[in-house]
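**Student:** Here is a sequence together with a model predicted from it:
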Protein chains: 6
Amino acid sequence: MNELTVQEIINRALAEDIGPGDITTAATVDPDAEGRAAVIAKQAMVLAGIDVFLSVFLTLDKAIDFSCSFLDGDKIKKGAAIATIGGPMGVLLTGERVALNLLQRMSGIATLTSKYAAAVEGTKARILDTRKTMPGLRVLDKYAVTVGGGYNHRFGLYDGILIKDNHIAAAGGIEKAVSAARISAPHMLKLEVECTTPAEVKEAIAAGADIIMLDNMDIVGMKKAVRDIGSRALVEASGNMDHRRVRAVADTGVDFISVGALTHSAAATDISMKITG
Amino acid sequence: MNELTVQEIINRALAEDIGPGDITTAATVDPDAEGRAAVIAKQAMVLAGIDVFLSVFLTLDKAIDFSCSFLDGDKIKKGAAIATIGGPMGVLLTGERVALNLLQRMSGIATLTSKYAAAVEGTKARILDTRKTMPGLRVLDKYAVTVGGGYNHRFGLYDGILIKDNHIAAAGGIEKAVSAARISAPHMLKLEVECTTPAEVKEAIAAGADIIMLDNMDIVGMKKAVRDIGSRALVEASGNMDHRRVRAVADTGVDFISVGALTHSAAATDISMKITG
Amino acid sequence: MNELTVQEIINRALAEDIGPGDITTAATVDPDAEGRAAVIAKQAMVLAGIDVFLSVFLTLDKAIDFSCSFLDGDKIKKGAAIATIGGPMGVLLTGERVALNLLQRMSGIATLTSKYAAAVEGTKARILDTRKTMPGLRVLDKYAVTVGGGYNHRFGLYDGILIKDNHIAAAGGIEKAVSAARISAPHMLKLEVECTTPAEVKEAIAAGADIIMLDNMDIVGMKKAVRDIGSRALVEASGNMDHRRVRAVADTGVDFISVGALTHSAAATDISMKITG
Amino acid sequence: MNELTVQEIINRALAEDIGPGDITTAATVDPDAEGRAAVIAKQAMVLAGIDVFLSVFLTLDKAIDFSCSFLDGDKIKKGAAIATIGGPMGVLLTGERVALNLLQRMSGIATLTSKYAAAVEGTKARILDTRKTMPGLRVLDKYAVTVGGGYNHRFGLYDGILIKDNHIAAAGGIEKAVSAARISAPHMLKLEVECTTPAEVKEAIAAGADIIMLDNMDIVGMKKAVRDIGSRALVEASGNMDHRRVRAVADTGVDFISVGALTHSAAATDISMKITG
Amino acid sequence: MNELTVQEIINRALAEDIGPGDITTAATVDPDAEGRAAVIAKQAMVLAGIDVFLSVFLTLDKAIDFSCSFLDGDKIKKGAAIATIGGPMGVLLTGERVALNLLQRMSGIATLTSKYAAAVEGTKARILDTRKTMPGLRVLDKYAVTVGGGYNHRFGLYDGILIKDNHIAAAGGIEKAVSAARISAPHMLKLEVECTTPAEVKEAIAAGADIIMLDNMDIVGMKKAVRDIGSRALVEASGNMDHRRVRAVADTGVDFISVGALTHSAAATDISMKITG
Amino acid sequence: MNELTVQEIINRALAEDIGPGDITTAATVDPDAEGRAAVIAKQAMVLAGIDVFLSVFLTLDKAIDFSCSFLDGDKIKKGAAIATIGGPMGVLLTGERVALNLLQRMSGIATLTSKYAAAVEGTKARILDTRKTMPGLRVLDKYAVTVGGGYNHRFGLYDGILIKDNHIAAAGGIEKAVSAARISAPHMLKLEVECTTPAEVKEAIAAGADIIMLDNMDIVGMKKAVRDIGSRALVEASGNMDHRRVRAVADTGVDFISVGALTHSAAATDISMKITG
């Protein structure tokens, strides 16, 4: 992760939540009071974002004392104390919600991803994310996927060539679209073509695609496509990937399975911050 | 919603996704080609964010032609065509993901909220959101809640006084905390106190709280609290609100039920954009 | 005050004043020279903004040595040394004007507010500010009011419901406007209605307003309104509040007196910075 | 004025005031309602900022209808209708305060400046502003001074060389400071030296200063200095310029009189916006 | 190019040049005066950036009238009229320098690139740019390279894996570095390894590199490497590419030749803007 | 230089280059590995920007260890070790390109400027830069000119009055343009007039110009102009200043020679960063 981008996200989130000031804390908490809080996992989870969590408080005050015996990627049991944090009581109370919102979001994605990753364990298939991330938070969302055992697909429209049906139609066919991309796109980027039929797969291979995306195919279709493609291209399965179906997909021999749900529908994990003194 | 804030969110999301450029579209689509697309509901939903969806494309190009027969808040059936959009083909393809990410997020929140709202129909209880929103997207998240039939709790730490256990501890008791807030906080803000026991409820009422939040109480406890409080304060129920439990909570007579899940765990609704010509 | 917002104000002010560089200082001052300056009150005042003053210099250089025996809110006598500041001579000279502009503005507001506050001493009336603040500096302006013994009205259009004549006209009457606001506005916000006649006051009370603003009424009218309203709502007096008239207004029994002049017409206090070595 | 800078000021002011949204207007005003308002001068004034006023509303909505028969610099009588503005009623209500805050500030400066300018009429002396402007609003403050008949001193630390006592001390004397500045500073900038005694004036002239600032001298001292300097440099009088004293200062023959009060202590003019339909 | 990024560059450049205002134009040009100017090529060139040029003026004023019979990539003869532009005279004068700075920079890069591209014509080698671009202007620099007949290498550290000597050393050898990258990097990115010796080339091929960069090799070495690599990887030549040497490099059979000078040392082309009426 | 502006340039350049992350370094370098690098001059040069170079790394990580025995302005021999830098290996690799891009640009300008400065040594002529700088980098470009022994012309349109042919035409003649500028422009700015003929020079002197710019005159013309002007104004020679011609121009007796090439066409100096351990 680019730390400067993460800091911008934190600043924005704090500005959004604090606005002109935390009036409850200003009214009730002595500015000189020190406090200490425990961060508690209220459900089992894969931890992600603990550095981001800490950075929220450090943004508000340099004098934060933090201790945590877990790292991103660790499996945390329900009820475990994830970390303790100390510093000015007002800062702990003011930063709590933003810090938890980020940690719960990121751990939620990592936890969900870990289930998909576990489901395909032992196959060569990798679980990939998509661009269906929360607007403005992509860098965090994609990092959390890797923490959960998944892998990143392209980050945006700029670091991968993914020729979809509409591009193909606009270019006048798969072959023309692939040639055009080969000529103008940076040579370091692989070229992926979305295919929905065996005929398209054949055409994409002939055109020299590096990666074939099998879009919304059934298991039988995917198996056949994997066989037809052989080692001539990498294969990505995509479309309505369900947690229960993902193993069968992996068993077809595809290289990648992309799952929008990892980031567009991950539930927040339940984490609380308890003032302890 | 403040339109200037919404435009900033859109600009940021486009910058994040497009980066230095949409290389696939640049390579395969004639810059002069015009296109047209249908926006399709792939599941039943409550629509939210259709203006934001359009604004994404207008940010990329002024010459967008848009027609939509639904408004935010409308119930859309699975399979329905929500809208059609026309303009430069390249702009449709480049803007698609960001526009859908926003629309799917917002409709997801509205759809989830509408279920909670339906569950309490006929009672006086209102479904409220919380500050557990996606960092940087609060203005959209909270708007989507209202579209779904919910109501907004405070927007941030600045537009409501909510005295929680930690504030109470720091101030030296409920009475002291409430007095301090009364003195220093803006007079236009009501004062809410979080209570977990009947004793705290009693104390908060005595201190003159405008609103009592019953935190994680059971149904029996809430019923008793509502009775004890009478008309002396408004009552909000909070904590682990489940879709199935919410009716029983409403039936206790509380005025508000706040539900973090509306925004921290709403799944995206499934919406697609299909180029039609 | 939200420190992140204050820092943005300081950065903006420094950028505005320094632009591409302080050419006089660059030309005439040895970059290694150290200096020391005294901050002198050239008139009696209530001090406000001393932390902001210091932050200006800290923004330019971390190695600033500062000592000050006063706190915001302290009454300073004409001629008193408010503080001494040491550090690189060039930094002292470059930051001086911005630091003083902020300190003089804030102390000016606090000093003016303290006169209004003194005038109503012994009554229950509080002096309130308004939204007539300097664009971009509201957070400082409103803080300075509290330092001077005043209280803050709402910070913006988002943290208080204030139904004015035009809203009433647009909604079709006081009753309709109040009902509409009750339904859609966040429940933590009180509802204030601007009234100019006894009839309007009566109507607003009937509609359930939490606060009645008496707009531009004379002393007799205010007295009667206070009596009529009793304990059913808080009462704010507003409009052309003059320093000499404010006591008579307070004696009518209103709860609040809002004074635009505190922030739209406060004169800067006279403070200088004298290099002493 | 640089329009891009002005637009940034407007955006910032609107963000500050509207925050997540104008909840009163949202609750009470039909989004399709159109309105019309008159802008009324409630005191005599010199108008300044009428384009900025309009831009505030145009920032919120392009469909604003505006008519105004005055220009910046025009003298407006008490009670006169300055302009009428029409458009969506909600936009008129939401933008009103920010638009007025800017117009009242700018007209306040222009009005105050015009009094100083009138006082020196018939002499060659020009009234100058200083850098004692409102942080973040300098471009507006300085424009308003010119509208009122004053002239601008340097805009910041970057567009003029003004050697003050501290620079002189740091450089080791007037002659050394002037030489150093001559060498390193851009050749298009004149070089001004602050002097408090006749000896310093003499030294500054000998060193080749283009402009001599007479700091806090009395009338006799200024007269003598003007005579001594002759045509060898321009002369600026500075320090505690009072509205009543300024004519006597002008009569000493100085070229410029700089007045901090124009911008640090100008009261807002009283202007209101009245919905008329 | 991402138009939003280009607009930010333009805004920044205008802010930098105009600052608080164009005082010469404000003083000497009637705000209502209209003007017209011819843009003249004072040397032969490949045009690049004509849309950016126009956007500078459109940023200052919507009412610009522009006519240009050339497109980016066209060869322009010395003395040719590239375009004519009309609008408010003040806007033409204020925007001139920024618009020309951008156009001259971009055309300079395109012109230089076209020379390198011409030198390798008839070979399969493509001229590539590098990340040695002007900080903040990369999107323009890289676009200009394509206009001149070159191709883009990766845009940044995020859209290509380029394993250099230091990465190899840090990872403990080429094989380890390549494996590590294969595992963690997005699958859409090709993997390039920088090699300086035949042994390293062999190792990189064995490790499965997609692209081999031959760093600072002589012609003989490159020829041999191309032969050794065969079709197993693409080959990029890099290091001290001189305009005269580039043909010999291309003749070795490499696929790409990257040239830092295209962007770090391109001279501006000479273009002037002449007011014609 | 204004350090806040420099920091913004660095942040922007890092964001541009790193984007969502340095994937090669993330994949191949142990986050805990420490490294050390030597900064080597691969050609003779005048050093400029060494503090900026360091700041790039400090922006990424506070724990950077830097040692450098040269200062900006020092002449560096080909092959010399300019500095050594130590810190986290990943930070050294990630920051390298941006840091070098800035240092090479700035040293390139300083080195080129030093040649022009050397060419006029012994005359009174100063080498000046122009506004033909890289958009967004002016503050660095202009600083580098001074490091190389040149001087700064105005920074922008705001800190100098330069009346060119188009202003003259718009104002209706030199005399009118000069008078208008005298009246409205800040008094601290000198007034320069661009002249192409002896008649214009005469007119400008008569109008009271402080500086005369001789635009594109030949040597004979310049000599005559210098003689005619005498001590009544400073003289600047401008237009197509070639490195070989500049001495002859200086010998005509002009005060300043402005050279656009210093910033619009300076080649980057060749500097490399070598990891040493």
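**Tutor:** The structure has been received and is ready for your questions.

**Student:** how many other residues sit next to residue A:244?
**Tutor:** Using other CB atoms under 10 Å in any protein chain shown, residue A:244 has 8 other residues around it. Using the backbone N, CA and C atoms, a C-beta is placed for each residue, glycine as well.

**Student:** For chain D, see how far away it is.
**Tutor:** 40 Å (CB to the nearest CB, to the nearest Å).

**Student:** How about the secondary structure of that residue?
**Tutor:** Look at residue A:244: counting by DSSP: H, G, I helix; E, B strand; the rest coil, its state is coil.

**Student:** Let's see the pLDDT reported for it.
**Tutor:** Per-residue pLDDT puts residue A:244 at 86.

**Student:** Need the phi and psi values for it.
**Tutor:** When read as degrees, to the nearest 10, the backbone of residue A:244 gives phi -80, psi -30.

**Student:** The stretch 151-277 of chain A against chain F: which residues are in contact?
**Tutor:** A:155, A:156 (CB under 8 Å from any CB of the partner chain).

**Student:** can you tell me the residue of the stretch 151-277 of chain A closest to chain D?
**Tutor:** In the stretch 151-277 of chain A, the residue that lies nearest chain D is residue A:268 (21.5 Å; CB to the nearest CB).

**Student:** measure that residue to residue A:105 for me?
**Tutor:** Distance, residue A:268 to residue A:105, by CB to CB, to the nearest Å: 6 Å.

**Student:** where do the contact lists of the two overlap?
**Tutor:** residue B:264 (CB atoms under 8 Å, 6 or more residues apart in numbering or on different chains).

**Student:** out of the two, which sits in the more crowded spot?
**Tutor:** The residue with more neighbours, out of residue A:268 and residue A:105, is residue A:105; 28 against 23, by other CB under 10 Å.

**Student:** Name the helix or strand for that one, please.
**Tutor:** helix A:89-119 (DSSP states H and E).

**Student:** Okay, buried residues for that helix please.
**Tutor:** Within helix A:89-119, the residues scored as buried using 16 or more other CB atoms under 10 Å in any protein chain shown are A:89-114, A:116-117, A:119.

**Student:** what distance separates the start and the end of stretch A:146-164?
**Tutor:** Stretch A:146-164 has an end-to-end distance of 25 Å (criterion: CA to CA, to the nearest Å).

**Student:** does chain E sit close to it?
**Tutor:** Yes - for stretch A:146-164, a contact with chain E is found by CB under 8 Å from any CB, at A:146, A:151, A:152, A:153, A:154, A:155, A:158, A:159, A:160, A:161, A:162.

**Student:** Let's have the residues you listed in a markdown table, adding secondary structure, neighbour count and pLDDT.
**Tutor:** Below are these laid out as a markdown table (DSSP: H, G, I helix; E, B strand; the rest coil; neighbours: other CB atoms under 10 Å in any protein chain shown; pLDDT from 0 to 100):
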| residue | secondary structure | neighbour count | pLDDT |
| --- | --- | --- | --- |
| A:146 | helix | 20 | 97 |
| A:151 | strand | 20 | 97 |
| A:152 | coil | 23 | 96 |
| A:153 | coil | 25 | 96 |
| A:154 | coil | 24 | 96 |
| A:155 | coil | 25 | 96 |
| A:158 | coil | 25 | 95 |
| A:159 | coil | 27 | 95 |
| A:160 | coil | 23 | 94 |
| A:161 | strand | 30 | 96 |
| A:162 | strand | 22 | 97 |
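
**Student:** Isn't residue A:211 up against residue E:188?
**Tutor:** Yes - if you go by CB atoms under 8 Å, residue A:211 and residue E:188 touch, sitting 6.9 Å apart.

**Student:** what is in contact with these two at once?
**Tutor:** Counting by CB under 8 Å, 6+ apart, the residues touching both residue A:211 and residue E:188 are A:190, A:192.

**Student:** Next, residue A:84: secondary structure please.
**Tutor:** strand.

**Student:** distance of it from residue A:64?
**Tutor:** Taking CB to CB, one finds residue A:84 at 11 Å from residue A:64.

**Student:** go on, residue A:147?
**Tutor:** In terms of CB to CB, residue A:147 sits 23 Å off from residue A:64.

**Student:** One more: residue A:92?
**Tutor:** Counting by CB to CB, the gap from residue A:92 to residue A:64 is 9 Å.

**Student:** got any residues that touch both of those two?
**Tutor:** In contact with both residue A:92 and residue A:64: A:57, A:85, A:86, using CB under 8 Å, 6+ apart.

**Student:** Can you redo those as JSON lines, where the extra columns are neighbour count, distance to residue B:215 and pLDDT?
**Tutor:** Output for the shared contacts of residue A:92 and residue A:64, formatted as JSON lines (neighbours: other CB atoms under 10 Å in any protein chain shown; distance: CB to CB, whole Å; pLDDT from 0 to 100):
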{"residue": "A:57", "neighbour count": "26", "distance to residue B:215": "24", "pLDDT": "98"}
{"residue": "A:85", "neighbour count": "25", "distance to residue B:215": "22", "pLDDT": "97"}
{"residue": "A:86", "neighbour count": "18", "distance to residue B:215": "24", "pLDDT": "97"}
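
**Student:** Among these, find me the one that's closest to chain D.
**Tutor:** residue A:57 (24.2 Å).

**Student:** element containing that closest one?
**Tutor:** Element membership of residue A:57 [criterion: DSSP H and E] is helix A:50-60.

**Student:** so that helix versus helix A:89-119, what angle?
**Tutor:** 160 degrees (axes from the mean of the first three to the mean of the last three CA atoms, to 10 degrees).

**Student:** And chain F, is helix A:50-60 touching that?
**Tutor:** No - applying CB under 8 Å from any CB, one finds helix A:50-60 separated from chain F by no less than 11.6 Å.

**Student:** Buried residues, the helix or strand following that helix. List them.
**Tutor:** Downstream of helix A:50-60, the next assigned helix or strand under DSSP H and E is strand A:65-68. Neighbour-count burial for strand A:65-68 flags A:66, A:68 (criterion: 16+ other CB under 10 Å).

**Student:** The stretch of helix or strand residue A:25 belongs to and chain B in contact?
**Tutor:** Using DSSP H and E, residue A:25 sits in helix A:23-28. Yes - counting by CB under 8 Å from any CB, chain B has neighbours in helix A:23-28: A:23, A:24, A:25, A:26, A:27, A:28.

**Student:** show me what contacts the residue lying closest to residue A:67 once chain neighbours are set aside?
**Tutor:** Spatial nearest neighbour of residue A:67, chain neighbours left out: residue A:84 (5.4 Å); criterion: CB to CB, 6 or more residues apart in numbering or on different chains. By CB under 8 Å, 6+ apart, the contact set of residue A:84 is A:36, A:37, A:38, A:39, A:66, A:67, A:68, A:276.

**Student:** Tell me the confidence at residue A:163?
**Tutor:** 97.

**Student:** again, but for residue A:180
**Tutor:** 94.

**Student:** thinking it is in contact with residue B:28, fair?
**Tutor:** Yes - if you go by CB under 8 Å, residue A:180 and residue B:28 touch, sitting 5.3 Å apart.
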